[in-house]
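Enquirer: what follows is a predicted protein model with its sequence.
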Amino acid sequence: MLIDSHAHIDLPNFDRDREQVLARARQGGVRVVLNIGLDLKSSRASLALARKYDDVFSTVGFHPHGASEMKDEDLKTMVELAQDDRVVAVGEIGLDFYRNLSSRKSQIEAFRKQLDLAVELGLPVVVHCRQAHQEVFNILSDWVRSTLSAGRLRRGVIHCFSGDVELALRYIDIGFYISLAGSVTYPSAGELLQVAREIPLDRLLLETDAPFLAPQAYRGKRNEPAYVALIAEKVAQVREVPREVVAGTAAKNTIELFKLPIR
C-alpha cells in the first residue's frame, strides 16, 4: 500500500484531468492522497475534494508565502472547516526564508498562531521549512515544551525535508515525522540519501508535493500522486529493503499520525 502524504491536486494544474490523475494513482497502488491547504481558498477546495473522493483527505492552513494576508477571522474560518472529519491536520504552515514573499515577522506570527490552532483542534501539523531550519526547529521545540501539558498535542511532519541527518534526528527526538519527496531521487540528493538510509523507518512519510518536485524520471514535468511509488523505490534502494517494506511502513505511519480511518 502507498499513501501520498502531501499533494496539491486542487491547483489549476489538474483542472483538465483530475479524475484521470486520481485513477492513475489508484491503479499504481496509492490508497490515499492527503491534499494540503495553502490558504483559505485552497483549504476549502481541498475539503471539497475530500468530500467528493473517499480516498482523499484534506488539511487547513496558510502557507508562509501568504502569511501576511492571514487575519484572525481566517483562523475562525479554519476552525469551522476543521469540524469536518475529512480534515486531518493543520497545514501547510511554517517558514520560507528563501523567497520571503511575506515578511519574516508575519511568517513567524502566522506560524505560531496556527500551531496554537492545532492544539485547540487536537490536530497534527504539516510543516513547511525552506532555508529556515534553525528558526523552525526552535519554534517547534518551544511549542512542544509549552503545550505538552495540554494533553492534546499530536505534533506532525516536516514536509519535503531538506536538511541533514542530524537535523532529521533532532526533529524525531521532539516527536516529528520526516517526509521525503521527489528530491530524494535527484543526482544532487547526497544528504537526503543519507537521511533516507539512516532515520528510523517508523518515522518516515512519503509524498509527491504534486504538481511540484517531480521525481528524476519526470523532472521538469507535472508531478502527480502516482509517482510516490518512485520515491518509495528510491528509499528502498538506499536502505536495501523491498519497496513494499518502505511503502507499507510509511503508509502505516501516515495512518497513525493523521488518524486516517483506513485499515
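Expert: Received it, and whenever you're ready, just let me know what you need.

Enquirer: so where's the stretch 51-200 of the chain shaky on pLDDT?
Expert: 149-153 (pLDDT under 70).

Enquirer: could you pull out the helices for it?
Expert: For the stretch 51-200 of the chain, applying DSSP state H, counting those that start in this stretch gives helices covering 72-81, 104-121, 133-147, 165-173, 190-198.

Enquirer: reformat the ones you listed as JSON lines; add distance to Lys52.
Expert: The C-beta positions use only the backbone N, C-alpha and C, and glycine is treated the same way. Output for these, formatted as JSON lines (distance: least, C-beta to C-beta, whole Å):
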{"stretch": "helix 72-81", "distance to Lys52": "15"}
{"stretch": "helix 104-121", "distance to Lys52": "23"}
{"stretch": "helix 133-147", "distance to Lys52": "33"}
{"stretch": "helix 165-173", "distance to Lys52": "33"}
{"stretch": "helix 190-198", "distance to Lys52": "34"}
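
Enquirer: for Pro225, find the nearest of those.
Expert: Among the helices of the stretch 51-200 of the chain, the nearest to Pro225 by C-beta to C-beta is helix 190-198 (19.6 Å).

Enquirer: the closest one vs helix 165-173, what angle?
Expert: 50 degrees (axes from the mean of the first three to the mean of the last three C-alpha atoms, to 10 degrees).

Enquirer: distance between helix 190-198 and the chain's centre?
Expert: 18 Å (C-alpha atoms, centre = their mean, to the nearest Å).

Enquirer: buried residues in that helix, which are they?
Expert: Glu191, Leu192, Leu193, Val195, Ala196 (16 or more other C-beta atoms under 10 Å).

Enquirer: how about the nearest residue to the third one, chain neighbours excluded?
Expert: Nearest in space to Leu193, with sequence neighbours left out and distances taken as C-beta to C-beta, 6 or more residues apart in numbering, is Val238 at 5.2 Å.

Enquirer: how many neighbouring residues does that neighbour have?
Expert: 17 (other C-beta atoms under 10 Å).

Enquirer: gap between it and Ser183?
Expert: 14 Å (C-beta to C-beta, to the nearest Å).

Enquirer: same question for Gly163.
Expert: Applying C-beta to C-beta to Gly163 and Ser183 gives a distance of 12 Å.

Enquirer: can you give me the strands in this structure?
Expert: Along the chain, counting by DSSP state E, strands occupy 2-7, 30-35, 56-60, 87-96, 125-130, 156-158, 177-180, 204-206.

Enquirer: average model confidence for the first one?
Expert: The one in question is strand 2-7. The average pLDDT for strand 2-7 rounds to 99.

Enquirer: could we number from 47 for the rest of this?
Expert: Fine by me, first position is 47 from now on; the one you just mentioned is strand 48-53.

Enquirer: hey, C-alpha coordinates of it in PDB?
Expert: Extracted as PDB, the C-alpha positions of strand 48-53 are listed here (Å, rounded to 0.1, in the frame of the first residue of the first chain):
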ATOM      1  CA  LEU A  48       1.100   3.500  -0.900                       C
ATOM      2  CA  ILE A  49       0.000   6.800   0.600                       C
ATOM      3  CA  ASP A  50       0.900  10.200  -0.900                       C
ATOM      4  CA  SER A  51       1.000  12.300   2.300                       C
ATOM      5  CA  HIS A  52       1.300  15.700   0.600                       C
ATOM      6  CA  ALA A  53      -0.200  16.800  -2.700                       C
END
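
Enquirer: chain center to that strand: distance?
Expert: 8 Å.

Enquirer: now for it, which elements pack on it?
Expert: Here strand 48-53 is seen to pack against strand 76-81, strand 250-252, helix 274-285, helix 289-304 when contacts are counted using 3 or more C-beta pairs under 8 Å, 6 or more residues apart in numbering; DSSP states H and E.

Enquirer: so which elements touch the first one?
Expert: In terms of contact count using 3+ C-beta pairs under 8 Å, 6+ apart, strand 76-81 is assigned the packing partners strand 48-53, helix 86-98, strand 102-106, helix 289-304.
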